[in-house]
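**Student:** Return a 3D structure for these sequence lines:
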Amino acid sequence: MSYDSDNIFAKILRDEIPSIRVYEDDATLVFMDIMPRAPGHVLVIPKTPARNILDASPDQLLAVMGTVQKLSHAVMKAFDAEGVTTQQFNEAAGGQEVFHLHVHVLPRHTEVGLNPPGVMGDMGELQANAAKIRAALD
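**Tutor:** Predicted structure coming up:
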């Protein structure tokens, strides 16, 4: 399978689609998931094309995982979480829906389940949660 430069995350990188950006560096971008499974749910993506881990370069994987670790600490701090769940899917059979490498980072609390999938979040709440995460990064 080849990389489709018109996928939604590629469009977010080009600012063709709005997103709530939380963090970025030279190699990665982090933004709020608009269908959050938990408050503070973010997505970490490389800024360069990669369909998933099956075709990503070692440098892309290193950059993404470094940012995943950084954001895992930040979301735990921002939401006083006891843990963090990271998820990454590859190809349709593996659960991937957007074919640009991405890792989900979700702060978690004991005995608190995840929100149902596919439910649009409140934009005001997503903005407020992004501000909490940005503050935790400082």
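**Student:** quick one: secondary structure of the residue nearest in space to the middle of the chain?
**Tutor:** When C-alpha atoms, centre = their mean is applied to the chain, the residue found nearest the centroid is L43 (0.5 Å). With DSSP: H, G, I helix; E, B strand; the rest coil as the basis, L43 sits in strand.
**Student:** just the helices in the protein please.
**Tutor:** 8-13, 58-78, 123-137 (DSSP state H).
**Student:** Can you say which of those is nearest to E24?
**Tutor:** Closest approach to E24 among these is made by helix 58-78 (8.8 Å; C-beta to C-beta). Just so you know, the C-beta spots here come from the backbone N, C-alpha and C atoms, and that holds for glycine as well.
**Student:** Next, the buried residues of stretch 77-86.
**Tutor:** The neighbour-count check on stretch 77-86 (16 or more other C-beta atoms under 10 Å) flags A78, F79, A81, V84 as buried.
**Student:** Would you check how far apart the second one and P36 are?
**Tutor:** Noted for F79: a distance of 11 Å to P36, by C-beta to C-beta, to the nearest Å.
**Student:** Quick check: phi and psi at the residue in the chain sticking out farthest from the centre.
**Tutor:** Farthest-out residue of the chain from its mean C-alpha position, per C-alpha atoms, centre = their mean: E111, at 22.9 Å. Main-chain dihedrals, E111, degrees, to the nearest 10: phi 60, psi 20.
**Student:** if I look at it, how far off is A81?
**Tutor:** 13 Å.
**Student:** tally of neighbours for the closest residue to D55 other than its chain neighbours?
**Tutor:** Nearest residue to D55 in three dimensions, chain neighbours excluded: Y3, at 7.3 Å (C-beta to C-beta, 6 or more residues apart in numbering). Using other C-beta atoms under 10 Å, Y3 has 15 other residues around it.
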